[in-house]
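# only geometry, no sequence info:
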Ligand SMILES: *Cc1c(COP(=O)(O)O)cnc(C)c1O
């Protein structure tokens with residue numbers, strides 16, 4: 001399988017090179033040249049396959065011969081060694097719980113897969129790779145955990161000071177070893193901008209071998225298809241495919257779902273559930289895409305003003321506004337609505353949402369109200385305990401704490417504070 005750049009200047013590369021490079025040199029995103037089609041009997045017999053078999057069959061065509069079969073089987077198995085339950089919340093609404101991994105958010109899947117692929121690829125290089133990543137909250141923890149102690153890989157994480165939850169901050173600042181956290185006095189967009197500048201800096205790239213672990217990296221983006229298939233395996237009413245609502249920020253997750261659908265996964269419709277960061281919502285209303293500065297919300301992992309993966313969605317639909325609109329709708333949900341949803345779902349059903357899941361839930365509920373008779377699920381992208389500082393005042397009850405989180409809260413954060421100034425990042429990277 002080859003990947004081309006969405007900017008169409010850089011040459012095509014295989015999976016290994018796309019993973020190592022992260023972003024294409026022409027600043028486009030890598031996109032698969034062909035979208036694999038899964039055999040019809042794979043979909044209709046999906047209940048007979050194990051999770052590992054499903055994941056392997058979905059991802060193998062994207063890897064080609066970049067990773068041998070036995071290694072890829074191991075990587076897949078280690079990536080998904082936790083549960084992905086589809087839980088009933090209301091008569092027509094289910095929750096796909098993606099928070100049973102080590103950092104309690106869906107990003108564990110992409111980060112675990114990518115770290116293992118990169119670990120495999122650097123084994124036969126004798127250079128050290130530096131993974132540079134900006135986080136709005138959950139990426140940092142998932143990447144730190146996924147890459148912790150991987151030989152030959154250093155990880156540098158930029159996060160916006162005071163704009164991530166305390167659990168998120170501790171997850172990315174307490175590991176040590178090959179993981180360093182840079183605490184930036186700015187927003188997520190500032191962090192992302194600085195990271196992009198580092199990738200474009202020729203002088204820096206001559207001295208360091210840099211790669212990204214943001215969802216622009218194909219090795220993080222593509223495995224996110226897995227759990228859409230796991231959900232379909234658990235979906236009882238196969239005659240009526242689900243409406244799927246995805247809490248969206250950088251749009252990597254929903255783009256993986258759209259890709260899975262294009263490969264043959266039955267889906268009724270997709271909902272891009274956004275918070276006040278409504279660039280894509282506005283695009284679907286008006287046909288015009290206007291990037292904005294991000295605004296801070298209580299679903300902070302979705303505070304993205306210019307979602308990187310949107311170019312991939314346009315690519316998937318050949319830049320055709322109408323074909324995209326037929327498959328995907330969007331809602332923009334305020335913090336007030338998010339809180340109200342979280343509170344009401346908890347008191348009515350006893351199901352505790354996190355703020356991102358609440359946005360997904362409400363997006364789905366709104367769509368189902370306009371389209372009676374359908375059923376669907378939302379992606380519960382994080383465990384509510386990750387945002388206990390937001391959730392507890394809303395439900396006016398403590399959120400039950402897993403032991404791992406109790407231990408984490410006793411640890412001490414270690415970060416290096418930097419200003420929003422590219423040179424401070426560059427100086428740090430060169431001094432390493
Ligand atoms: C990252 C994240 C999102 C947004 O996912 P994208 O792929 O960036 O759209 C949603 N919810 C949670 C909890 C996240 O960590």
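Nice, I can see it. Note that the structure is a prediction, hence the values are computed from the model and not measured. Numbers count the residues shown, from 1 in each chain.

# wait, what's in contact with residue 424?
Neighbouring residues of residue 424 by Cβ atoms under 8 Å, 6 or more residues apart in numbering: residue 418. Bear in mind the C-beta positions are built from the backbone N, C-alpha and C, glycine included.

# So it belongs to a helix, correct?
Yes: per DSSP: H, G, I helix; E, B strand; the rest coil, residue 424 lies within a helix segment.

# okay, now residue 161: neighbour count?
Each residue near residue 161 was counted by other Cβ atoms under 10 Å, and the total is 16.

# so it touches residue 187, yeah?
No: assessed by Cβ atoms under 8 Å, residue 161 is found out of contact with residue 187, at 9.7 Å.

# Which parts of the stretch 251-400 of the chain are strands?
269-274, 328-332, 376-380 (DSSP state E, counting those that start in this stretch).

# Just name the most buried of the ones you listed.
strand 376-380 (a mean of 28; mean count of other Cβ atoms under 10 Å).

# Residue of the stretch 51-200 of the chain nearest the ligand, please.
Nearest residue of the stretch 51-200 of the chain to the ligand: residue 138, at 3.0 Å (Cβ to the nearest ligand atom).

# for that residue, what are its contacts?
103, 105-107, 168, 301, 381-382, 386.

# out of the residues you listed, which touch the ligand?
Taking Cβ under 6 Å from any ligand atom as the test, the ligand is in contact with 105, 107, 301, 381-382 out of the contacts of residue 138.

# Dump those to TSV, plus neighbour count.
Listed next are these as TSV, based on neighbours: other Cβ atoms under 10 Å:
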residue	neighbour count
105	26
107	30
301	29
381	29
382	29
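
# Going by distance to residue 31, which of those wins?
Distance to residue 31, by Cβ to Cβ, is smallest for residue 107 among those, at 20.8 Å.

# mind checking which helix or strand the closest residue to that closest one other than its chain neighbours is in?
In this structure, residue 107 finds its nearest non-sequential neighbour in residue 142, 3.7 Å apart by Cβ to Cβ, 6 or more residues apart in numbering. Using DSSP states H and E, residue 142 maps to helix 138-147.

# So for that helix, what gets flagged as buried?
Within helix 138-147, the residues scored as buried using 16 or more other Cβ atoms under 10 Å are 138-147.

# Save those as a markdown table, and put in distance to residue 173 and pLDDT too.
Formatted as a markdown table, those follow (distance: Cβ to Cβ, whole Å; pLDDT from 0 to 100):
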| residue | distance to residue 173 | pLDDT |
| --- | --- | --- |
| 138 | 14 | 84 |
| 139 | 14 | 91 |
| 140 | 8 | 93 |
| 141 | 9 | 94 |
| 142 | 14 | 95 |
| 143 | 13 | 95 |
| 144 | 8 | 95 |
| 145 | 12 | 95 |
| 146 | 16 | 94 |
| 147 | 14 | 94 |
